[in-house]
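Enquirer: pasting a predicted model and its sequence here:
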Amino acid sequence: MSRPRFNRILLKLSGEVLMGDGRVSIDPETTARVAQEIADARAMGHELCVVVGGGNIFRGLAAAAKGIERTTADYMGMLATVMNALAVQNALEQIGVDTRVQSAIPMASVCEPYIRRRAERHLEKGRIVIFAAGVGSPFFTTDTGAALRAAEMKCDALFKGTSVDGVYDADPKKVPGARRYDQVSFNTVLADDLKVMDASAVALCRDNDIPIVVFNIREQGNLARVLAGEGVATVVG
Ligand code: UDP
């Protein structure tokens, strides 16, 4: 299947991608491998924005269910995404890739605040920009943050790195014979409640004509393959 070339992409990684075999929240070896994937995509000439989640460290909704007040829990979750962003920045810098972290919650001693025009300049200079703290408000997720930043930064596509190789009509881990889509419409994803991203993130991408490319980030070299139009993935458009 041939896909269009996407020059500027936003890569959304869930926090769990950094966990490796799951014994520590941020596994340096796994983080280094993910960084290499990102560096390879950069070397292919793509402009890259990255949004990292925080679910490997803290999820607001789960904490709220155990008694932490929801907005406080969500702010804690956003802080977790900043830790992950710094981990990815560190891993990229260790292989010589210039990056900047911009947080939706200003924290001047740690990273830059989110400023769209400044982010644009970083991309022009060939840097990778990592957006942290989601949209900066509770009751949102980093999926929605990723869709919002993709729209603001005029990205050609949102690449969602997951642990499955695309979007299925049922959970492939539970339903034998579940069918993988090569392409599927935004409205089918929303109407059938297919597990791609939050509904608000999908709707934001739909309204701004940003295709979502769902692919398996755990397979080495896959981001570069999918960017080259070769690897297995589902395009939601
Ligand atoms: N969060 C938030 N607002 C945002 C983004 C994130 O409140 O704009 C909080 C929320 O509590 C969420 C946590 O940060 O559970 C971690 O983000 P997310 O669950 O999206 O991470 P992922 O599942 O991608 O690892």
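Expert: Nice, I can see it. Given the structure is predicted, the values throughout are model-derived calculations rather than measurements.

Enquirer: and the residue nearest the centre of this protein?
Expert: In the chain, the C-alpha closest to the average C-alpha coordinate belongs to residue 12, at a distance of 0.8 Å (C-alpha atoms, centre = their mean).

Enquirer: just the element for that residue, please.
Expert: Residue 12 is part of strand 8-13 when elements are defined by DSSP states H and E.

Enquirer: how much space between the residue lying closest to residue 42 once chain neighbours are set aside and residue 107?
Expert: If the residues on either side of it in the chain are set aside, residue 42 comes closest to residue 48, at 5.6 Å by C-beta to C-beta, 6 or more residues apart in numbering. C-beta: built from backbone N, CA, C; applies to glycine. Spatial separation of residue 48 from residue 107 under the definition C-beta to C-beta, to the nearest Å is 23 Å.

Enquirer: more neighbours, these two?
Expert: residue 48 (26 against 14; other C-beta atoms under 10 Å).

Enquirer: what pLDDT is listed against that one?
Expert: The score at residue 48 is 97. That number is its pLDDT.

Enquirer: mind checking the SS state of it?
Expert: The assignment at residue 48 comes out as strand when based on DSSP: H, G, I helix; E, B strand; the rest coil.

Enquirer: right, is the helix or strand harbouring residue 206 up against the ligand?
Expert: Under the criterion of DSSP H and E, residue 206 resides in helix 199-207. No: using C-beta under 6 Å from any ligand atom, helix 199-207 stays clear of the ligand, coming no nearer than 9.5 Å.

Enquirer: which elements pack onto the longest helix belonging to the chain?
Expert: Looking across the chain with DSSP state H, the single longest helix is helix 70-94. Contact here means 3 or more C-beta pairs under 8 Å, 6 or more residues apart in numbering; DSSP states H and E; on that basis helix 70-94 packs against helix 28-43, strand 47-52, helix 60-65, strand 99-103, strand 128-132.

Enquirer: what's the local residue count around residue 207?
Expert: By other C-beta under 10 Å, the burial measure for residue 207, its neighbour count, is 11.
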